[in-house]
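Chemist: Fold the following and give me the result.
(one chain, ligands or ions: 2)
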Amino acid sequence: MIRVPRGTPVLTAEQMRAAEQACFDAGVSQEELMERAGTAVAREAARFAFGRPVLVLAGPGNNGGDAYVVARLLRQWGHDVIVAALGGKEAGAAGMMRSRWDGETVTLDDAEPRPVLVDGLFGTGMSRALEGEARKALHRLSQAAAFVLAIDLPSGFATDSGEDLGGAPATATVALGALKPAHLLMPALERCGTVLHADIGIPGESDICSLSRPHLVAPARDSHKYSRGLVLVVEGEMPGAARLSARAALHGGAGYVMLAGQGGGGNGPDALVHRSVESADDLQHLLGDDRISAVVIGPGLGRGERSQALLGVAIACEHRLVIDGDALTLLGRDAERRISGRTAETVLTPHEGEFGRMFDDGDGGKLDRTVSAARRICATIVHKGPDTVIAHPDGRVVMSGDSSPWLSTAGTGDVLAGLCGARMAKGNAHAAAEAVWLHTRAAALAGPAFCADDLIGRIPDAIGECV
Ligand SMILES: NC(=O)C1=CN([C@@H]2O[C@H](COP(=O)(O)OP(=O)(O)OC[C@H]3O[C@@H](n4cnc5c(N)ncnc54)[C@H](O)[C@@H]3O)[C@@H](O)[C@H]2O)[C@H](O)CC1
Ligand SMILES: [K+]
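Modeler: Ligands and ions are numbered 1, 2, ... in the order given. Prediction:
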């Protein structure tokens, strides 16, 4: 189920205001923008209302201004609409839209619940916790509604971090002009419901965009296993995890996958080549093979001295490197010092706990913290979770908010690490986003209650949708 529009620019509140200002400077009035915003939302409200009575919440700012446009248009189209207002601007576009509403208006306190609620209390201007009458009424009215449509954002969530400031959930949200980080970050991500993007003529340029299906190309006719990429996966104390990564790399498009360690390869596919590595010196020797395209270390690595020594050799090598799992824990707060000097492309794939152990928490949201860490460490960070943030050192960011909750099972992180290795093997700058998309899509195809081995089996189908 596509919850968020794919490949769509994501703008922060400040970037949004700058984009709106650029429109005003180009001669588009705030009233015109508000009319476009309100029309886009009214069309969706009419679609979902099915003729049921509508209650429109109008806040004190421009989100409220949009709400008055929605109410006026729905009434013109024959819908039964009442506005519940919280204060309200006299001046400006919002004041004008408020004055053009000639239907019934009640206070939030007096508002009776109705089946369809349009939430125009607060949007990107949310600056502090929602309290008092506004919070009480919003929760009372949204809980009683059968369908809640939020204008731009569900009221009560911080635009740039997705933090819950006392907000209430929506069934669907119409994102105006561009997506905002809150549409793709927990907990707001879960409260937006289905996000619809309304292009209202605000050109939104951004380094941040939502994840989209990659365009992959089938191997050229003269390809061979080395030209498609040799991925070496380092085995550690738990060889099964490395085997999951290695199998994921094989199905993820690598031409040749080598499993290097003491595990003997287990009963993995015969296509998986096992090379015995006892010591760090053995690994160092193996990494001297310049046919290697990418190295994956961390899944099941363990945290003992031998693991630390293997990690040291992998970091020092000249190959593209994926660092996951135990290797991230071994790096800890030393990550920046040990990784930032690498010349070859490096991708770290931490979950929230591993990220917190490597980087100071800082007070920003997940997006800010990941972007800042990627810049500092000069590596790509795939900050995993239901809201995955992929931050590149050059400032490019891809956000994904559509992953299956069934991914919360052992080994799926190992699979993603192997997929990253396979996609990096071709040396493209979008490898991490490709891997995350394939991982997310394979999970959707695997349906409910899959295990990591099932997930691997679905990767070719996901690739099939991209070539
Ligand atoms: N993106 C677009 O293309 C357009 C967006 N529009 C709409 O404008 C809002 C943003 O409007 P703004 O006036 O900046 O802020 P809000 O309406 O979200 O908030 C109103 C006002 O409320 C005050 N406030 C903030 N937090 C609280 C709180 N916790 N309790 C009480 N009051 C609070 C604060 O002073 C805010 O200024 C955007 O979301 C769109 O809906 C344009 O209308 C059209 C183009
Ligand atoms: K809103």
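
Chemist: so who does Lys225 touch?
Modeler: With contact set as CB atoms under 8 Å, 6 or more residues apart in numbering, Lys225 has these partners: 255-256. For every residue, glycine as well, the C-beta is placed using N, CA and C.

Chemist: I'd assumed Ala111 was in contact with Leu141.
Modeler: Yes: taking contacts as CB atoms under 8 Å, Leu141 lies within contact range of Ala111: 6.1 Å.

Chemist: Residues that sit against both of those two, list them.
Modeler: Counting by CB under 8 Å, 6+ apart, the residues touching both Leu141 and Ala111 are 55, 57, 84.

Chemist: Break the protein into its domains for me.
Modeler: According to automatic domain parsing, the chain comprises the domains 13-210, 230-464.

Chemist: Format the ones you listed as a markdown table; extra columns: mean pLDDT.
Modeler: Below are those laid out as a markdown table (pLDDT from 0 to 100):
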| stretch | mean pLDDT |
| --- | --- |
| domain 13-210 | 96 |
| domain 230-464 | 95 |
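
Chemist: Make JSON lines out of the shared contacts of Leu141 and Ala111 and add secondary structure and distance to Glu20.
Modeler: Below are those laid out as JSON lines (DSSP: H, G, I helix; E, B strand; the rest coil; distance: CB to CB, whole Å):
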{"residue": "Leu55", "secondary structure": "strand", "distance to Glu20": "27"}
{"residue": "Leu57", "secondary structure": "strand", "distance to Glu20": "22"}
{"residue": "Ala84", "secondary structure": "strand", "distance to Glu20": "26"}
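
Chemist: Out of these, which is nearest to ligand 2?
Modeler: Closest approach to ligand 2 among the shared contacts of Leu141 and Ala111 (CB to the ion): Leu57, at 7.8 Å.

Chemist: what's the distance between the residue lying closest to that closest one once chain neighbours are set aside and ligand 1?
Modeler: Spatial nearest neighbour of Leu57, chain neighbours left out: Leu121 (4.9 Å); criterion: CB to CB, 6 or more residues apart in numbering. The gap separating Leu121 from ligand 1 is 8 Å, by CB to the nearest ligand atom, to the nearest Å.

Chemist: what's around Leu121, how many residues?
Modeler: Residues near Leu121, counting by other CB atoms under 10 Å, number 29.

Chemist: quick one: contacts for it?
Modeler: 57-59, 63-64, 67, 86, 134, 138, 155-156.

Chemist: can you do 6 Å?
Modeler: Going by CB atoms under 6 Å, 6 or more residues apart in numbering, Leu121 touches 57, 59, 155.

Chemist: and the shared contacts of Leu141 and Ala111 as JSON lines, adding distance to ligand 1?
Modeler: Formatted as JSON lines, the shared contacts of Leu141 and Ala111 follow (distance: CB to the nearest ligand atom, whole Å):
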{"residue": "Leu55", "distance to ligand 1": "18"}
{"residue": "Leu57", "distance to ligand 1": "11"}
{"residue": "Ala84", "distance to ligand 1": "15"}
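
Chemist: May I ask which of the residues you listed has the most neighbours?
Modeler: Within the shared contacts of Leu141 and Ala111, Leu57 tops the neighbour count with 29 neighbours, counted by other CB under 10 Å.

Chemist: beta partners for the residue minimising distance to the centre of the chain?
Modeler: Per CA atoms, centre = their mean, the C-alpha nearest to the average position across the chain is that of Ser400, at 2.3 Å. Counting by DSSP bridges, Ser400 forms beta bridges with Thr388.
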